[in-house]
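**Q** Generate coordinates for the sequence data below:
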Amino acid sequence: MPVSDDDENVLAAIRQDHLVGFVVQKPRGFFSVTGHLGLEDDDLDLYQTERLWLTLQGQDPEVWTTDDNAIKIPLAWRIFFIDSSAKQTHLSTVGHDFEVNFVLSRSYGVIFDDQNQERHYLPLIRRDHRVTAVYPARERQGIFYDEVEGEYPKSYNADDIVIHEVRTSPS
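**A** All right, here's what the predicted structure looks like:
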């Protein structure tokens, strides 16, 4: 569902439904049944991980603690970009009067000083066309998954996740 200032009422209504566990924005076709075709190794693993219930739940800024006890870190966010040059252009455009950390080729983490700074910069960051996603940073405490023993979080089938698309009329 595309999110804009006009969609806040729709999102609030969806969140009021007691059957809704979380709400995240994903591009059309994200849960395509053929999206994994042709992917191998790391690309396939990444594709599958991005569609796990816990991964999606952790991306909702309204969820403070996920089902696997990942706790939202106040004022900390992860910003993702279309490519590495977009990240540099973005920082020079939006500015970075905040702490930037965990810089990777297509993403970086931010920690804002306070809620006022967060309220000022997050809308600027989200409006940048070079930004593909903005998620809250999380910290997992006390749960670890052993690759050898295979103790992983439960993977949910995409059919278990309800997808809502909201169409807004052009203004």
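
**Q** ok, D97 to G109 distance?
**A** Computed as Cβ to Cβ, to the nearest Å, the D97 to G109 distance reads 15 Å. No exception for glycine: its C-beta is placed from N, CA and C like everyone else's.

**Q** what's the answer for T89, then?
**A** Distance, T89 to G109, using Cβ to Cβ: 18 Å.

**Q** In terms of neighbours, single out the busier of D97 and G109.
**A** Using other Cβ atoms under 10 Å, the more surrounded residue of D97 and G109 is G109, with 16 against 10.

**Q** neighbours of the residue lying closest to V94 once chain neighbours are set aside, just the number please.
**A** Closest residue in space to V94, ignoring its immediate chain neighbours: L124 at 5.1 Å, by Cβ to Cβ, 6 or more residues apart in numbering. Neighbour count of L124, defined by other Cβ under 10 Å: 13.

**Q** Repeat that for A13.
**A** A13: 10 neighbours (other Cβ under 10 Å).

**Q** just checking, T132 touches D83?
**A** No - T132 is beyond contact range of D83, at 9.6 Å (criterion: Cβ atoms under 8 Å).

**Q** The two: which has the busier surroundings?
**A** Neighbours around T132 and D83, counted as other Cβ under 10 Å, are more numerous at T132. The numbers are 15 against 12.

**Q** which strand is the longest one in the protein?
**A** strand 70-81 (DSSP state E).

**Q** Buried residues in that strand, which are they?
**A** Buried residues in strand 70-81, counted by 16 or more other Cβ atoms under 10 Å: 70, 72, 75-81.

**Q** Output it in CSV with nothing but the alpha carbons.
**A** Output in CSV follows, covering the C-alpha atoms of strand 70-81 (Å, rounded to 0.1, in the frame of the first residue of the first chain):
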residue,chain,number,x,y,z
ALA,A,70,13.5,-7.7,18.8
ILE,A,71,13.0,-4.4,20.6
LYS,A,72,12.7,-1.2,18.7
ILE,A,73,15.6,1.2,19.5
PRO,A,74,14.1,4.7,20.0
LEU,A,75,15.3,7.3,17.6
ALA,A,76,17.3,4.8,15.5
TRP,A,77,16.4,4.0,11.9
ARG,A,78,17.9,2.1,8.9
ILE,A,79,17.7,3.9,5.5
PHE,A,80,18.0,1.9,2.2
PHE,A,81,18.8,3.3,-1.3
